[in-house]
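>>> the sequence and its predicted three-dimensional model are supplied below.
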Amino acid sequence: MLTKVYGSAVFGIEAITVVVEVNIDKGIGYHLVGLPDNAIKESNYRIAAALLNNGFKIPGKKITINMAPAGLRKEGSAYDLSIAIGILAASGQIQPGNLDQYLIMGELSLDGGVQPIKGALPIAIKARDEGFKGLILPRENALEAAIVKGLEVYGVDSLGKVASFFDTGLPLEQTHVDIDSLFRENQCKNELDFADVKGQEGIKRCMEIAAAGGHNIIMIGPPGAGKTMLAKRLPTILPPMTLNEALETTKIHSVVGKVSDIGLLHQRPFRSPHHTISDVALVGGGSYPQPGEISLSHNGVLFLDELPQFKRSVLEVLRQPLEDREVTISRAKFTLTYPCSFILVASMNPSPSGYFHDPDAAVNCSPAEIQRYMGRISGPLLDRIDIHIEVTPLPFEQLSQKTKGEESREIRKRVIAARKIQMARFEGEERLYYNAQMGTKQIREYCSIGKVALEMLKEAMSRLRLSARAYDRILKVSRTIADLSGEAQIAPEHVMEAIQYRSLDREGWLG
């Protein structure tokens, strides 16, 4: 007897429906075809034990299982439940009933328990789009899948319950999620706040500008100056995620099995990989490519602490994703594209010892040592970082103050107002939402400056010996500063402030 059960394969951040065809005929043997990987090939042992421990049996006949489309490689143990239900229906141990109306996924334990899977959200979206009535999957993944409207989602914990559902109509518990209220309730819950940071008003201003315009930023300062503390609080002043952004970000995290308990990522991600990370782990890849840290940072912040400590090859692979805001991973038989629109926040010590021209420091470094240290970061990478700012340690008087600084929610209000101005400005532009994304054409159109500001910029570039690559960056940051002030025209003071944020472009900065 032939039975068809429907599952799904996750390809990138999208899902593809897989038809699990189970045929039982005369003879002996267990044949699994359709490009399964080793985890699927081993499923017959898990399925056999699960069936026996739940009062069923493996038919003593020839079992042929085909996973279509046969040209698409399938991987992982998430097809156990689909195959097991197919065997039960094909052998007549349960009634096929309405199997064709449900998409079924789940890994089986030997006792018949159903273990969680990866990619539940893309699978649920595909099931809805393909017109399935419902989705049956592990209970741990039910909340994540239930955020998809127009689809019945059933979270199960045992093979026996799924078999009874199709055989006798014993109802399963449907998972319901009010995605709108869930999103609103958790959207602004932040444990961190800029009010915890004492002093450093200039750096907070830089963070506000970076958040308002989506600008990448690098902080240079000695240990203990507060670089990491400031970086971790940047997501708290970014505009709250829209529901579409939350769904898009959750899809990426779902593929790697890193979704929160409530099923929906409601806050912008903050990723801080260790400096020993490989280039594949950073941008994504592998024999069957998975998203890397830059894609897990999508719509959020990627923080690279101690930037010169990262391998140069790792930093160089960031160049194209920073420009295109997506990364394409190519293999011999397929190509995957993952989104990676994030704000890069980097920090570094000004020298190997951590102290730069500090006469009171116990250890200091020569200009040659500092030059070698800074040389680990390439010019093209620095060219993609709009704001360079020096962070100095706080004196004791400021550290000991009991007064708190401005709260994140107040800064966020100004950031949101600036972003609204930019959204209106770029309404007719494709894939352009904030100032940092502007190209040469948009800079000429939206970043025009008056004669006084132009002369000021010319003088600054000459006297400070700023590099040519600083020109466009200064204009972009000036545009954001003007937006924060609510002014349509870039004024000389906006340009002057932006010039201060190009520390690493100044000739002689290294001494």
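Perfect, I can see it now. These numbers come from a predicted model, not from an experiment. Residues are numbered from 1 along each chain as shown.

>>> not counting sequence-adjacent ones, nearest residue to residue 472?
Of all residues not flanking residue 472 in the chain, residue 443 sits nearest, at 5.7 Å (C-beta to C-beta, 6 or more residues apart in numbering). Heads up, the C-betas are built off the backbone N, CA and C, glycines and all.

>>> wait, the one you found sits on residue 474?
No: Residue 443 is beyond contact range of residue 474, at 10.3 Å (criterion: C-beta atoms under 8 Å).

>>> ok, now which ones touch the most centrally placed residue in the chain?
Centrality entry for the chain: nearest residue to the mean C-alpha point is residue 296, 2.2 Å, by C-alpha atoms, centre = their mean. Contacts here follow C-beta atoms under 8 Å, 6 or more residues apart in numbering; on that basis residue 296 touches 252-253, 256, 258, 269, 271.

>>> now do the SS call for residue 125.
Look at residue 125: counting by DSSP: H, G, I helix; E, B strand; the rest coil, its state is helix.

>>> neighbours of it, how many?
Applying other C-beta atoms under 10 Å, we find 21 residues neighbouring residue 125.

>>> could you do residue 58 as well?
16.

>>> likewise for residue 195?
Other residues close to residue 195 by other C-beta under 10 Å number 17.

>>> kindly report the same for residue 336.
Other residues within reach of residue 336, judged by other C-beta under 10 Å, total 19.

>>> excluding its backbone neighbours, what's nearest it?
With C-beta to C-beta, 6+ apart as the measure, residue 12 is the residue that lies nearest to residue 336, at 4.2 Å, once sequence neighbours are left out.

>>> then residue 292?
Taking C-beta to C-beta, 6+ apart, and ignoring the residues beside it in sequence, residue 292 has residue 284 as its nearest neighbour in space, at 3.4 Å.

>>> ok, residue 482 touching residue 489?
Yes: because the distance of 7.0 Å satisfies C-beta under 8 Å, residue 482 is recorded as touching residue 489.

>>> hang on, the earlier thing: check contacts around the residue nearest to residue 336.
255, 289, 336-338.

>>> please indicate which of these has the highest neighbour count?
The residue in the contacts of residue 12 with the most neighbours, by other C-beta under 10 Å, is residue 255 (25 neighbours).

>>> now do the phi/psi pair for it.
With angles defined as degrees, to the nearest 10, residue 255 sits at phi -60, psi -30.

>>> tell me the contacts of the nearest residue to it once chain neighbours are set aside?
Here the nearest residue to residue 255 in space, its sequence neighbours aside, is residue 119; by C-beta to C-beta, 6+ apart that works out to 5.1 Å. For residue 119, the contact set (C-beta under 8 Å, 6+ apart) comprises 8, 10, 15, 78, 254-255, 257.

>>> tabulate these (TSV), appending pLDDT.
Supplementary listing: the contacts of residue 119 in TSV, determined by pLDDT from 0 to 100:
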residue	pLDDT
8	96
10	92
15	94
78	95
254	92
255	91
257	85
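
>>> I'd say residue 248 and residue 299 touch.
Yes: the pair residue 248 / residue 299 is scored as a contact, 6.9 Å apart, by C-beta under 8 Å.

>>> and these two? which has more neighbours close in?
For residue 248 versus residue 299, the count of surrounding residues by other C-beta under 10 Å is larger for residue 299: 21 against 17.

>>> CA atoms of stretch 286-297 as PDB?
Extracted C-alpha coordinates of stretch 286-297, given in PDB (Å, rounded to 0.1, in the frame of the first residue of the first chain):
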ATOM      1  CA  GLY A 286      29.600  25.000   5.800                       C
ATOM      2  CA  SER A 287      28.900  22.000   3.500                       C
ATOM      3  CA  TYR A 288      25.200  22.800   3.900                       C
ATOM      4  CA  PRO A 289      25.400  26.500   4.600                       C
ATOM      5  CA  GLN A 290      24.000  27.900   7.800                       C
ATOM      6  CA  PRO A 291      23.600  31.600   8.700                       C
ATOM      7  CA  GLY A 292      26.700  33.200  10.400                       C
ATOM      8  CA  GLU A 293      27.000  35.900  13.100                       C
ATOM      9  CA  ILE A 294      26.400  38.700  10.600                       C
ATOM     10  CA  SER A 295      23.000  37.200   9.600                       C
ATOM     11  CA  LEU A 296      22.100  36.500  13.200                       C
ATOM     12  CA  SER A 297      22.800  40.300  13.800                       C
END
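
>>> what is the mean pLDDT for it?
pLDDT averaged over stretch 286-297 equals 89, rounded to a whole number.

>>> next one: stretch 341-352
For stretch 341-352, the mean confidence score works out to 88.

>>> likewise for stretch 434-446?
Predicted confidence along stretch 434-446 averages 89 (mean pLDDT).

>>> which of the residues in that stretch are buried?
Neighbour counts using 16 or more other C-beta atoms under 10 Å place 434-438, 442-443, 446 of stretch 434-446 among the buried residues.

>>> so residue 321 is in which element?
For residue 321, the host element (DSSP states H and E) is helix 319-324.

>>> in contact with the residue nearest to residue 292, which residues?
Taking C-beta under 8 Å, 6+ apart as the definition, contacts of residue 284 comprise 290-292, 294-295, 327, 329, 338.

>>> which one among these gets closest to residue 304?
Here the nearest of the contacts of residue 284 to residue 304, counting by C-beta to C-beta, is residue 294; it sits at 10.4 Å.

>>> what's the nearest residue to the closest one if we skip its chain neighbours?
Nearest residue to residue 294 in three dimensions, chain neighbours excluded: residue 340, at 4.2 Å (C-beta to C-beta, 6+ apart).

>>> hmm, back to that, which ones among the contacts of residue 12 map onto helices?
With helices taken from DSSP state H, the overlap with those comprises residue 255.

>>> mind picking the two most distant members of the contacts of residue 12?
Of all pairs in the contacts of residue 12, the most separated under C-beta to C-beta is 255 and 337 at 13.1 Å.

>>> perfect, that will be all.
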